[in-house]
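Show me the folded form of this:
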Amino acid sequence: MSPPRVINSFFRHPSKLLHAAHIAGLIEHVIPPTPNMSSAEGAAWFAAELPGASAAVVWPLQIPRFGARELDIAGPQFRAVATYSVGHEHIDVEECRRRGVKVSTTPHISDDAVANMTLLLLLMVMRRATEHLDLVRAGGWPAYQTNIASNPLFLTGQSVRGRTVGFYGMGRIAQKVVERLLPMGPARILYTVSQPRSFSAQTFPRLHALVKTAYPDVRVQNEPDLLRLAEECDILICLTALVPATRHSIGKEVFSRMKRHGILVNVSRGAVVDTEALVDALQSDQIFGAALDVLEGEPNIAMDHPLLDESLRNRVVVFPHSSSAEEETRLEMAEVNARSILLALDISLEACGDTISPYENLPAYL
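Okay, here's the model as predicted:
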């Protein structure tokens, strides 16, 4: 009998476990025939390989939808789909459940990496990193020294110290960002969540203990109203889920309430922010800058996108949805994919050389 076929949408999925299982003959690990296929080519290859498969590893930018059609193509023996992401909007979870197909993500693993990126993006805008980098590359170091000898405030940026930082969403990643911000001396941390929650040892045990013991002068509190949050904060960090109620919720009215030196950071989903309203707010100097790891319409972002306009170069930082791009994080995500697939196929992890504790970093099926 042939081993179960696992279709992987990645050419170089970095899981040692899947490779070991393939070498041991426990699975047939099927990968694309060539790297850098276009989205259309990758989707066509994936659909052609699905018939008779038992499981699949997908990524939303490669396989934008996995639902009834894909399950029909695969056949009744299909048992598991693992996505190399935290989000699972691209998978029809209910249809998978109805057919007894297990669905897994890579939750929690990228929390620290995303929190690190959030801080990086924020500081790049606050400290005017683009201008400093351009100055050095253009040979402007001597002129910079001359300028600061005359005016020590030349090309200075902002500081977190004494500021109010607002969070739109206060889940695991947002709390990790707060932990990183606290040593920088903010005056207040405000947050808006879908269901108002006071800041207490019961609602935020770890963060509350940290603030109480090490940063008692920092005030942390819930601000139930998003517009009031925008009015109060100097920095607005978006770490909320994309649901109908949050789509374009950061729009014209929010920007009109923000301070002129205000900075928007979005590392959640691109469509949480109304792009047109953000461009208008920047061009009219309603806010100082924006730091973005996500954009609505990604990955199809052309060079002439309004947020990439040269006039905004020094005030907008855009990364290509790469907040989890730390090597250790990506490797761990790959092994969680592998474990979820192998366990769903009743394959022993030990037989694949996995030495983790039975309770350490095992997948959680949706």
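
Next up, the contacts around residue 175.
Going by CB atoms under 8 Å, 6 or more residues apart in numbering, residue 175 touches 204, 206, 207. In this view, the C-beta of every residue, glycine as well, is placed from N, C-alpha and C.

try 10 Å this time
Shown in contact with residue 175 (CB atoms under 10 Å, 6 or more residues apart in numbering): 111, 115, 167, 189, 191, 204, 206, 207, 208, 210, 239.

next one: residue 136
With CB under 10 Å, 6+ apart, residue 136 has these contacts: residue 144.

Among the contacts of residue 175, name the ones in helices.
If you go by DSSP state H, the contacts of residue 175 have 111, 115, 206, 207, 208, 210 in helices.

hmm, which of the contacts of residue 175 are the buried ones?
Neighbour-count burial (16 or more other CB atoms under 10 Å) is assigned, among those, to 111, 115, 167, 189, 191, 204, 207, 208, 210, 239.

Same list (those residues) but as CSV, adding pLDDT and distance to residue 35.
Putting the buried ones among the contacts of residue 175 into CSV (pLDDT from 0 to 100; distance: CB to CB, whole Å) gives the following:
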residue, pLDDT, distance to residue 35
111, 95, 29
115, 98, 30
167, 98, 38
189, 98, 43
191, 98, 42
204, 98, 43
207, 98, 42
208, 98, 47
210, 98, 44
239, 98, 32
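
Relative to residue 57, which of those is nearest.
residue 111 (21.1 Å; CB to CB).

Residue 267 is in contact with that closest one, correct?
No. Here residue 111 lies out of contact with residue 267, judged by CB atoms under 10 Å, at a distance of 11.5 Å.

Can you work out which residues contact both of those two?
Common contact partners of residue 111 and residue 267 (CB under 10 Å, 6+ apart): 173, 174, 177.

Report how many residues lie close to the first one.
With neighbours defined by other CB atoms under 10 Å, the count for residue 173 comes to 25.

How about the last one?
When neighbours are defined as other CB under 10 Å, residue 177 has 26 of them.

Now name the helix or strand holding it.
helix 172-181 (DSSP states H and E).

State which helix of the protein is the longest.
helix 327-344.

buried sites along it?
Buried residues in helix 327-344 (16+ other CB under 10 Å): 329-330, 332-344.

could I have that helix exported to CSV, CA atoms only?
Taking Å, rounded to 0.1, in the frame of the first residue of the first chain, the C-alpha atoms of helix 327-344 are listed here in CSV:
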residue,chain,number,x,y,z
GLU,A,327,14.3,32.4,11.0
GLU,A,328,13.6,30.7,14.3
THR,A,329,10.0,31.6,14.1
ARG,A,330,9.6,30.4,10.6
LEU,A,331,11.3,27.1,11.3
GLU,A,332,9.1,26.5,14.3
MET,A,333,6.0,27.2,12.3
ALA,A,334,7.1,24.6,9.7
GLU,A,335,7.4,21.9,12.4
VAL,A,336,4.0,22.7,13.8
ASN,A,337,2.6,22.3,10.3
ALA,A,338,4.4,18.9,10.1
ARG,A,339,3.2,17.7,13.5
SER,A,340,-0.4,18.5,12.7
ILE,A,341,-0.3,16.7,9.5
LEU,A,342,1.6,13.6,10.8
LEU,A,343,-0.7,13.3,13.9
ALA,A,344,-3.8,13.6,11.8
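
so for that helix, what's the average pLDDT?
Averaged across helix 327-344, pLDDT comes to 94.

Are we agreed that residue 276 is in a helix?
Yes. Per DSSP: H, G, I helix; E, B strand; the rest coil, residue 276 lies within a helix segment.

State the distance from the closest residue to it other than its chain neighbours to residue 333.
Nearest non-adjacent residue to residue 276, counting by CB to CB, 6 or more residues apart in numbering: residue 306, 8.0 Å away. Distance, residue 306 to residue 333, by CB to CB, to the nearest Å: 32 Å.

Likewise for residue 267?
Distance from residue 267 to residue 333, by CB to CB: 17 Å.

try residue 63
Using CB to CB, we find residue 63 at a distance of 16 Å from residue 333.

ditto for residue 310
36 Å.

if you average pLDDT over stretch 169-185, what comes out?
Stretch 169-185 comes out at a mean pLDDT of 98.

And stretch 101-119, what's buried?
Result for stretch 101-119 [16+ other CB under 10 Å]: buried residues 101-107, 109-119.

just stretch 35-47 next, same as before
37, 42, 43, 45, 46.

Stretch 241-251 too?
For stretch 241-251, by 16+ other CB under 10 Å, it's 242, 246, 249, 250, 251.

Just read off the phi/psi values of the fourth one.
Phi and psi for residue 250, reported as degrees, to the nearest 10, are phi -90, psi 90.

Quick check: chain neighbours aside, which residue is closest to it?
In space, residue 250 is closest to residue 273, 4.4 Å off (CB to CB, 6+ apart).

Please export the alpha-carbon coordinates of the helix holding residue 177; PDB is fine.
The C-alpha trace of helix 172-181 is given here as PDB (Å, rounded to 0.1, in the frame of the first residue of the first chain):
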ATOM      1  CA  ARG A 172      -1.400  38.300  23.000                       C
ATOM      2  CA  ILE A 173       0.700  40.200  20.500                       C
ATOM      3  CA  ALA A 174      -0.500  43.600  21.700                       C
ATOM      4  CA  GLN A 175       0.400  42.700  25.200                       C
ATOM      5  CA  LYS A 176       3.900  41.700  24.100                       C
ATOM      6  CA  VAL A 177       4.300  45.000  22.400                       C
ATOM      7  CA  VAL A 178       3.300  46.700  25.600                       C
ATOM      8  CA  GLU A 179       6.000  44.700  27.500                       C
ATOM      9  CA  ARG A 180       8.600  46.000  25.000                       C
ATOM     10  CA  LEU A 181       7.300  49.600  25.200                       C
END
